[in-house]
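Engineer: sequence unknown, structure follows:
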Ligand SMILES: O=P(O)(O)OC[C@H]1O[C@H](O[C@H]2O[C@H](CO)[C@@H](O)[C@H](O)[C@H]2O)[C@H](O)[C@@H](O)[C@@H]1O
């Protein structure tokens, strides 16, 4: 666009800054046609839209960073916000008696997330091993109650960490469900793979995984994990200054795949099919597979630490059945009823459940 003294040109960089250049520094410009102007404006609009999207992603990445969560952990326990959160989401350990009392005449079914719930969060996702005592507690729980691991991980990978055959495993955020591989009293018939609602996405996920590995290899610390029906892009070890660059690379790949969506976990971007399936649907599916579809004789207990576990907490709230337990040291908005601070408290809760069950079986 021209005016008498100055020429205004649109900068097509994300922020769309308008520079005003003095006439002397300008080449003689050919007047722009209406069509040219329309195209330039469209381009600028698209670039600004993309820039805004990246900014929103980075804001959300920051918000999911533990240092950014409004932490009251270091404050004294009487701090208003923390104590009011605890009132609304009391410790599942201190409410243990009430929880087991609610199970009277019902079958408790246990659902457990893996990372941050059964294993402590570590920098390298390949090293997220479950402590020996946790495995022992989990093995005992699975002897007394139907038990499922519900995780964003690839099912085979989580099995390689847990190594217990008597459990149900729902990998890839519930998109890959398999029954116990060894005899177990809750096993119904031949329980190989029970459900894979996103199997048609396998080739696409594979391509996206490869594209993301290629696109992010220049960003130090970025790690891409193939979770079979979904992909994780970890930024726990990426310098915050590179988060926008990483988000931009992920966006550039995702743009080619409108049938995939992005969600977020703990310092991780998760790419998955747009199908209506999540950990909550997996919980419902498993209850049905266990014969408790429309039953009042069941008390599902779901323990998890991540945003993706909220789908399962919400299902329990909406059904008015069972309890969600959030693993968190800091107050967070949640649909869970109760809280536990960390995996060691999860282990303690599982231990108490087993002891209570043993005792109640001995009672006359
Ligand atoms: O549903 P989950 O079992 O909680 O899986 C969610 C993601 O967990 C893993 O990442 C998280 O744990 C890692 C190991 O402690 C940690 O390094 C990472 O920062 C966390 O986000 C897993 O690696 C992801 O693929 C899962 O999507």
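Structural biologist: Structure received. Everything numeric here is computed off the predicted structure, so don't read it as measured data. Numbers count the residues shown, from 1 in each chain.

Engineer: the ligand contacts on the stretch 51-200 of the chain?
Structural biologist: Residues of the stretch 51-200 of the chain found near the ligand (C-beta under 6 Å from any ligand atom) are 113, 114, 115, 116, 121, 122, 123, 125, 128, 151, 152, 153. Bear in mind the C-beta positions are built from the backbone N, C-alpha and C, glycine included.

Engineer: show the buried residues in these.
Structural biologist: Neighbour-count burial (16 or more other C-beta atoms under 10 Å) applied to these gives 113, 114, 115, 116, 121, 125, 128, 151, 152, 153.

Engineer: mind listing the strands for the stretch 1-150 of the chain?
Structural biologist: Assigned by DSSP state E, counting those that start in this stretch, the strands in the stretch 1-150 of the chain fall at 7-10, 18-21, 107-112, 147-150.

Engineer: least reliable of those going by mean pLDDT?
Structural biologist: Looking over these, mean pLDDT reaches its minimum on strand 7-10, with a mean of 29.

Engineer: before we move on, the earlier item: and which of the residues of the stretch 51-200 of the chain next to the ligand is nearest residue 95?
Structural biologist: Set against residue 95, the nearest of those by C-beta to C-beta is residue 113 (19.5 Å).

Engineer: tell me the contacts of the closest one?
Structural biologist: 149, 150, 151, 279, 302, 303, 304, 305, 306, 309, 327 (C-beta atoms under 8 Å, 6 or more residues apart in numbering).

Engineer: who touches stretch 128-145?
Structural biologist: Residues from elsewhere that reach stretch 128-145 (C-beta under 8 Å, 6+ apart): 107-110, 112, 114-115, 118-122, 147, 161-164, 166-167, 184, 343, 346-347, 350-351, 353-354, 357-358.

Engineer: and the buried ones among these, selectable in ChimeraX?
Structural biologist: To isolate the buried ones among those in ChimeraX, judged by 16+ other C-beta under 10 Å, type:
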select :107,108,109,110,112,114,115,118,119,121,147,161,162,164,166,167,184,343,346,347,350,351,353,354,357
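
Engineer: name whatever forms a beta bridge with the nearest residue to residue 292 once chain neighbours are set aside.
Structural biologist: Leaving aside its chain neighbours, residue 292 sits nearest to residue 298 (4.1 Å; criterion: C-beta to C-beta, 6 or more residues apart in numbering). When assigned by DSSP bridges, residue 298 has beta-bridge partners residue 107.

Engineer: residue 298 and residue 100: what is the separation?
Structural biologist: According to C-beta to C-beta, to the nearest Å, residue 298 and residue 100 sit 14 Å apart.

Engineer: the more surrounded of the two?
Structural biologist: The residue with more neighbours, out of residue 298 and residue 100, is residue 298; 19 against 16, by other C-beta atoms under 10 Å.

Engineer: ok, the more buried one - contacts?
Structural biologist: 106, 107, 108, 109, 287, 290, 292, 321, 322.

Engineer: how about CSV for those residues, with distance to residue 58 added?
Structural biologist: As requested, the contacts of residue 298 are arranged in CSV below (distance: C-beta to C-beta, whole Å):
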residue, distance to residue 58
106, 46
107, 45
108, 42
109, 39
287, 38
290, 42
292, 43
321, 39
322, 37
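
Engineer: for those, which one is nearest residue 210?
Structural biologist: Closest approach to residue 210 among the contacts of residue 298 (C-beta to C-beta): residue 287, at 36.4 Å.

Engineer: distance of that closest one relative to residue 322?
Structural biologist: Taking C-beta to C-beta, one finds residue 287 at 9 Å from residue 322.

Engineer: what is in contact with those two at once?
Structural biologist: 109, 298, 300.

Engineer: surely the first one is in contact with residue 150?
Structural biologist: No. If you go by C-beta atoms under 8 Å, residue 109 and residue 150 don't touch, sitting 11.6 Å apart.
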